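Enquirer: curious how this folds, go ahead:
(4 chains)
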2 protein chains.
Amino acid sequence: MSSADAPRWTRLEPDARREQILACATRLFGERPYAEVSTTDIAREAGVARGLLNHYFGQKRDLYLKVVKRMLLMPGLEEKVSATGSLRQRVERSVEWYLDTVAAHGKTYVAVTGAGSIADPEVERIIAEADDVAAAKTLQFLGLKVEVGSDARHRAMMRSYAGLVKSTIREWIRGGTLSREDAHLLLSESLITIVRDVFPHLHQQPGPERPAPKAASKRSKDAK
Amino acid sequence: MSSADAPRWTRLEPDARREQILACATRLFGERPYAEVSTTDIAREAGVARGLLNHYFGQKRDLYLKVVKRMLLMPGLEEKVSATGSLRQRVERSVEWYLDTVAAHGKTYVAVTGAGSIADPEVERIIAEADDVAAAKTLQFLGLKVEVGSDARHRAMMRSYAGLVKSTIREWIRGGTLSREDAHLLLSESLITIVRDVFPHLHQQPGPERPAPKAASKRSKDAK
DNA sequence: GCCCGCTATTGACACTCTGCCAATAGGTAC
DNA sequence: GTACCTATTGGCAGAGTGTCAATAGCGGGC
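Expert: Take a look at the predicted model:
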């Protein structure tokens, strides 16, 4: 026999094993919803004993949390995209970058963020945290992080905007009910509106504290 | 003894019992996430045997589905709000109505819609369906449901918008990071932008098929 | 090349939760 | 009071999860 004295299992460096398990878990959680993926499935996929998952990650939820974190805390943006040009240019570039990034990660991203995953406070906290980081990055990238007083409010609004981003991406990736161009258009226009009309005092517009945007503020055609 | 011959349990009409169980389930699912609420908890809360839940609702998921449905398919809008006036007026009235409705239902609504609940295909389908109904209603209410050809695309965009609505409401209801006025402002401005700039051909604007809104379309100040 | 110790990994046990179904008993009509 | 209908119960079997002592890769010492 070829496997006469072959070891029944191989010993890996903790980091390597952790990484391997995480990769399998990421794929499975992308294919099926949380509850449908048993730890036994993940263990079988990775070719290890189920107990090893708990050894490395603790609870099943913690493993899921790691997957979510990795998905949401995509590094990039400020390193990849230059923060120059008109507002519209910057908005469109950041939207473009985001769509690219998500397209690369594919379904898992949608499964993790879109469905909101498991309605667990801890998971939700992680998602909220990631949204907050993304919000801060976006604000900073757009060159709007100036007033510290109302920063919390603006961050909250950017987190809200993140909801629009997620649902739009789901329409695009999942059902294909929106094309990439549609998504781009919708996200860009909305973000520009938010920046212009909802925080107008951050923009060039001087105006009063919050100039009741009921009367359409006259907008000079933005440089494009 | 007072309870010498008192019956150990009382017999109810199926509809009444179903209703009672549903009420308890609704409350519990609003307090804790799906996985944290066991059928035993619900049964204890309702004062019945656990098996009765399965008898009336089948799977635990089906019970949850019923709760979600009841939450999401809030009737109203077209019956309550008149579809007259300028675009801005109609938008603001519908946003107002929606905020009122959600505020009435409170945390359960947020728990059910916001977190996305359980990442289950069936539950997701229900939510998507409800979003779609809401989207169609909104389009109709805004007086934009005219072209049948691109209706699917517009519906998809309104479903995306629903994502913004949900996340905004969560910021408002949960953390209180946004005030009701903030939510109103954000949602109104965004919806107006979408209707104006993303489906401009549906509005008064004639223009080509999709006139690349990069160049800011000149907007006459809307009647207000 | 052989043995030894370290520790990555296993396998089984106990517990919880869920779905199912035959048996039970509340209530009503006669 | 009695008998029937069926709403309701309670226990059983299966699946999934977390825990922990025991096992066995595998590198280092000689």
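Enquirer: CA atoms for contacts and neighbours, from now on please.
Expert: Noted.
Enquirer: correct me, but A:A25 touches A:S38?
Expert: No: if you go by CA atoms under 8 Å, A:A25 and A:S38 don't touch, sitting 10.0 Å apart.
Enquirer: who's more crowded, these two?
Expert: Applying other CA atoms under 10 Å in any protein chain shown to A:A25 and A:S38 shows that A:A25 carries more neighbours, namely 23 against 14.
Enquirer: so how far is the helix or strand hosting A:R70 off the chain centroid?
Expert: Using DSSP states H and E, A:R70 maps to helix A:60-72. What separates the centre of helix A:60-72 from the centre of its chain is 13 Å, taken as CA atoms, centre = their mean, to the nearest Å.
Enquirer: show me what it is packed against.
Expert: Counting by 3 or more CA pairs under 8 Å, 6 or more residues apart in numbering or on different chains; DSSP states H and E, the packing neighbours recorded for helix A:60-72 are helix A:14-31, helix A:50-57, helix A:107-109, helix A:121-141.
Enquirer: hmm, stretch A:177-189 touching chain B?
Expert: Yes: contact between stretch A:177-189 and chain B is present through A:177-178, A:185-186, A:189 (criterion: CA under 8 Å from any CA of the partner chain).
Enquirer: want to throw these into CSV with pLDDT, secondary structure and neighbour count?
Expert: Written out in CSV, the entries for the residues of stretch A:177-189 next to chain B read as follows (pLDDT from 0 to 100; DSSP: H, G, I helix; E, B strand; the rest coil; neighbours: other CA atoms under 10 Å in any protein chain shown):
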residue, pLDDT, secondary structure, neighbour count
A:T177, 92, coil, 18
A:L178, 94, coil, 23
A:L185, 95, helix, 19
A:L186, 95, helix, 23
A:E189, 95, helix, 21
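Enquirer: got the domain boundaries for chain A?
Expert: Following automatic domain parsing, one finds the domains of chain A at A:14-58, A:72-202.
Enquirer: now do the shortest one, average pLDDT.
Expert: Here domain A:14-58 scores 96 as its mean pLDDT.
Enquirer: make CSV out of the helices and strands packed on helix A:60-72 and add distance to chain B.
Expert: Shown next, in CSV, are these (distance: least, CA to the nearest CA, whole Å):
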stretch, distance to chain B
helix A:14-31, 10
helix A:50-57, 19
helix A:107-109, 12
helix A:121-141, 7
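Enquirer: before we move on, back to that, now the helix holding A:R70: buried residues?
Expert: Neighbour counts using 16 or more other CA atoms under 10 Å in any protein chain shown place A:63-69, A:71-72 of helix A:60-72 among the buried residues.
Enquirer: same check on stretch A:92-111?
Expert: When burial is assessed from 16+ other CA under 10 Å, stretch A:92-111 yields the following buried residues: A:92-99, A:101-103, A:107-111.
Enquirer: same check, this time on stretch A:170-188
Expert: Applying a neighbour-count criterion of 16+ other CA under 10 Å, one finds A:170-173, A:177-178, A:180, A:182-188 buried in stretch A:170-188.
Enquirer: thinking again about what came up before, just put the domains of chain A in JSON lines and tack on distance to DNA strand C.
Expert: Formatted as JSON lines, the domains of chain A follow (distance: least, CA to the nearest atom of the strand, whole Å):
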{"stretch": "domain A:14-58", "distance to DNA strand C": "3"}
{"stretch": "domain A:72-202", "distance to DNA strand C": "14"}
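Enquirer: most tightly surrounded among those?
Expert: Mean neighbour counts were compared across the domains of chain A using mean count of other CA atoms under 10 Å in any protein chain shown; the top stretch is domain A:72-202, at a mean of 19.
Enquirer: quick one: distance of that one to the chain centre.
Expert: With CA atoms, centre = their mean as the basis, the distance from the averaged C-alpha position of domain A:72-202 to the chain average is 8 Å.
Enquirer: touching DNA strand D at all, that domain?
Expert: No: looking at domain A:72-202 against DNA strand D by CA under 7 Å from any atom of the strand, there are no contacts, and the closest approach is 12.4 Å.
Enquirer: now tell me what touches stretch A:41-57 from outside.
Expert: With CA atoms under 8 Å, 6 or more residues apart in numbering or on different chains as the test, stretch A:41-57 has contacts from A:18, A:20-21, A:24-25, A:28, A:39-40, A:60, A:63.
Enquirer: which among those are in contact with DNA strand D?
Expert: Restricting the contacts of stretch A:41-57 to those within reach of DNA strand D (CA under 7 Å from any atom of the strand) leaves A:39-40, A:60.
Enquirer: what would these look like in CSV with distance to B:A162?
Expert: Below are those laid out as CSV (distance: CA to CA, whole Å):
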residue, distance to B:A162
A:T39, 34
A:T40, 37
A:K60, 31
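Enquirer: for chain A, what helix or strand is lowest in average pLDDT?
Expert: When the helices and strands of chain A are scored by mean pLDDT, DSSP states H and E, helix A:107-109 comes last with a mean of 77.
Enquirer: what's that one packed up against?
Expert: With contacts taken as 3+ CA pairs under 8 Å, 6+ apart, helix A:107-109 sits against helix A:14-31, helix A:60-72.
Enquirer: residue contacts, the residue nearest the centre of chain A?
Expert: Central residue check for chain A by CA atoms, centre = their mean: the C-alpha nearest the mean position is that of A:L72, 4.0 Å away. A:L72 makes contact with A:109, A:113, A:127, A:130-131 under the criterion CA under 8 Å, 6+ apart.
Enquirer: try it again with 10 Å
Expert: The contact partners of A:L72, taken as CA atoms under 10 Å, 6 or more residues apart in numbering or on different chains, are A:102, A:109, A:112-113, A:126-127, A:129-131, A:133-134.
Enquirer: okay if I get these as CSV plus distance to A:V165?
Expert: As requested, those are exported to CSV (distance: CA to CA, whole Å):
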residue, distance to A:V165
A:V102, 11
A:Y109, 12
A:V112, 14
A:T113, 10
A:I126, 17
A:I127, 14
A:E129, 16
A:A130, 14
A:D131, 11
A:V133, 15
A:A134, 11
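Enquirer: which residue is the nearest non-sequential neighbour of A:A156?
Expert: For A:A156, the nearest residue in space outside its immediate sequence neighbours is B:T177; the separation is 6.1 Å by CA to CA, 6 or more residues apart in numbering or on different chains.
Enquirer: quick check, the one you found in contact with A:R155.
Expert: Yes: taking contact to mean CA atoms under 10 Å, the distance of 9.0 Å between B:T177 and A:R155 places them in contact.
Enquirer: what strand or helix carries A:V48?
Expert: Per DSSP H and E: A:V48 is located in neither a helix nor a strand.
Enquirer: in what helix or strand does A:S167 lie?
Expert: helix A:151-170.
Enquirer: who are the packing partners of that helix?
Expert: Helix A:151-170 makes packing contacts with helix A:87-105, helix A:107-109, helix A:121-141, helix A:180-193, helix B:151-170, helix B:180-193 when contacts are defined by 3 or more CA pairs under 10 Å, 6 or more residues apart in numbering or on different chains; DSSP states H and E.
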